[in-house]
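> Okay, sequence plus prediction incoming.
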Amino acid sequence: MLISNADIERLEKKGYNKRFFVKFDRDGYAKLRNQQGCCVFYDDKKRRCKVRADRPFGCRIYPVVYHETKGIVVDYICKAHYTLTEKQKAKIGKRTMELLERIDAEAEKRREK
């Protein structure tokens, strides 16, 4: 999951160390770390997100995602995929594209350093 600087700052303010939850790839993108195939914030015993109220924006707009060849789509591996209307998908899709533009700009700045 790609995350923005705002996501990182929000989670740091909650007391989480950036090294615990962020991994930067060689292109400058910030991604949530995984452990044992799950997000580091996933509580396997309780089967829920540990930071739900402060979760990254990408998690908030899921299951609407951007697919490189198909554009805005609903991720059908999500059990709740059928609950979204086309109107909701379009509205969330717009927010998805805005988030990706912001994340692209942030990655570009990291590459310039």
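Now that the structure is in, tell me what you want to look at.
> same for the longest helix along the chain, what does it pack against?
Looking across the chain with DSSP state H, the single longest helix is helix 86-112. The contact analysis (3 or more Cβ pairs under 8 Å, 6 or more residues apart in numbering; DSSP states H and E) places helix 86-112 against strand 30-32, helix 57-61, strand 64-67, strand 71-74. C-beta here means a position set from N, CA and C on the backbone, and glycine is covered the same way.
> Now do the buried residues in the second one.
Yep, that's helix 57-61 we're talking about. 57, 58, 59 (16 or more other Cβ atoms under 10 Å).
> Equivalent analysis for the third one, please.
Neighbour counts over strand 64-67 (16+ other Cβ under 10 Å) mark 64, 65 as buried.
> Stretch 32-49 too?
By neighbour count on 16+ other Cβ under 10 Å, the buried set for stretch 32-49 is 32, 39, 40, 41, 42.
> what's the first-to-last distance across that stretch?
In terms of Cα to Cα, to the nearest Å, the two terminal residues of stretch 32-49 are separated by 13 Å.
> for it, what is the average pLDDT?
Mean pLDDT, stretch 32-49: 93.
> Give me the contacts around it.
1, 3, 20, 21, 22, 23, 50, 51, 55, 56, 59 (Cβ atoms under 8 Å, 6 or more residues apart in numbering).
> same question, stretch 98-113
So stretch 98-113 is contacted by 2-5, 24, 27-30, 57-58, 61, 66 (Cβ under 8 Å, 6+ apart).
> tell me the contacts of residue 14?
So residue 14 contacts 51, 54 (Cβ under 8 Å, 6+ apart).
> Tell me the pLDDT of the closest residue to residue 67 other than its chain neighbours.
Among residues not flanking residue 67 along the chain, residue 73 sits closest, at 4.9 Å (Cβ to Cβ, 6 or more residues apart in numbering). Per-residue pLDDT puts residue 73 at 95.
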